[in-house]
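Undergrad: kindly generate the corresponding structure for this input.
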Amino acid sequence: MKENSREEDIEELKRFLYRDELTQYGKRKLINYYEQQEKDYKRVLKENELLRKDIEGWKKYCEEIEKDQTEMSNKNCELEFEVEKLQKENEELKADNYELNNRINDLLDNISVQKVKDRIEKYKKLSDKFYVKFLESDRYNTDIREKGIKCDAIILALEELIEEREEK
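TA: A predicted model of the protein is given here:
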């Protein structure tokens, strides 16, 4: 039966039924109509089942997304708490750092520049001695080399302190 003639077939079948003239042709037409209806019904049932499965799949997917969102929200709350904690700790460290800087400045104010210059000279001489020993050795003596490097670092730090003091 064609889709576009279905309504015409139904009308024709109604006429046969009302006139009580169901001939062999009418019976065949009625059987064909019901067979087509049965095929359509089974097709729709299959489509509905597929749609139900799709809906169930989407429901599970949405539940997973909701679960993931809940986990992400919980993690976000934990991170916000951690950020607040770290910010508080940072503020405390800033205060401690400020206090330490004040103490260091007080100590530096009490140390005379001449004492620092004397120490620089002492470490320069010591560094020179280590350099000479390093050159006289096989140049693989890392202990002597490291001591010389430490002396040079102390010299630089002390010179920076003097420069900062003179800038004030």
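Undergrad: what is the helix ranked longest in the chain packed up against?
TA: Ranked by residue count, the top helix of the chain under DSSP state H comes out as helix 24-110. Secondary-structure packing of helix 24-110 (3 or more CB pairs under 8 Å, 6 or more residues apart in numbering; DSSP states H and E): helix 6-19. Just so you know, the C-beta spots here come from the backbone N, C-alpha and C atoms, and that holds for glycine as well.
Undergrad: for Tyr140, give me phi and psi.
TA: phi -110, psi 10 (degrees, to the nearest 10).
Undergrad: now do the longest helix of the chain, average pLDDT.
TA: Across helix 24-110, the average pLDDT comes to 87.
Undergrad: downstream of it, the next helix or strand is which one?
TA: The helix or strand immediately downstream of helix 24-110 is helix 113-136, counting by DSSP states H and E.
Undergrad: helices and strands around that following helix, which ones?
TA: helix 142-167.
Undergrad: helices or strands up against the helix it packs on?
TA: So helix 142-167, by 3+ CB pairs under 8 Å, 6+ apart, packs with helix 113-136.
Undergrad: check which residues of the helix it packs on are buried.
TA: For helix 113-136, a neighbour-count test (16 or more other CB atoms under 10 Å) marks Ile120, Tyr123, Leu126, Ser127, Phe130, Phe134 as buried.
Undergrad: those into JSON lines, with extra columns for pLDDT?
TA: Conversion of the buried residues of helix 113-136 to JSON lines gives the following (pLDDT from 0 to 100):
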{"residue": "Ile120", "pLDDT": "88"}
{"residue": "Tyr123", "pLDDT": "88"}
{"residue": "Leu126", "pLDDT": "88"}
{"residue": "Ser127", "pLDDT": "87"}
{"residue": "Phe130", "pLDDT": "83"}
{"residue": "Phe134", "pLDDT": "80"}
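Undergrad: find the pair from those with maximum spatial separation.
TA: Maximum pairwise distance among the buried residues of helix 113-136 (CB to CB): 20.5 Å, between Ile120 and Phe134.
Undergrad: what about the nearest residue to Arg145 once chain neighbours are set aside, distance to Asn141?
TA: Spatial nearest neighbour of Arg145, excluding adjacent residues (CB to CB, 6 or more residues apart in numbering): Phe134 at 5.5 Å. Separation of Phe134 from Asn141 (CB to CB, to the nearest Å) stands at 7 Å.
Undergrad: dump stretch 58-68 to PDB, restricted to CA.
TA: Only the C-alpha atoms of stretch 58-68 are listed here, as PDB (Å, rounded to 0.1, in the frame of the first residue of the first chain):
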ATOM      1  CA  TRP A  58      21.800  10.400  28.000                       C
ATOM      2  CA  LYS A  59      20.500  10.200  31.600                       C
ATOM      3  CA  LYS A  60      23.600   8.200  32.600                       C
ATOM      4  CA  TYR A  61      25.800  10.700  30.800                       C
ATOM      5  CA  CYS A  62      24.100  13.600  32.600                       C
ATOM      6  CA  GLU A  63      24.400  11.800  35.900                       C
ATOM      7  CA  GLU A  64      28.100  11.400  35.300                       C
ATOM      8  CA  ILE A  65      28.500  15.000  34.300                       C
ATOM      9  CA  GLU A  66      26.600  16.000  37.400                       C
ATOM     10  CA  LYS A  67      28.800  13.800  39.500                       C
ATOM     11  CA  ASP A  68      31.900  15.300  37.900                       C
END
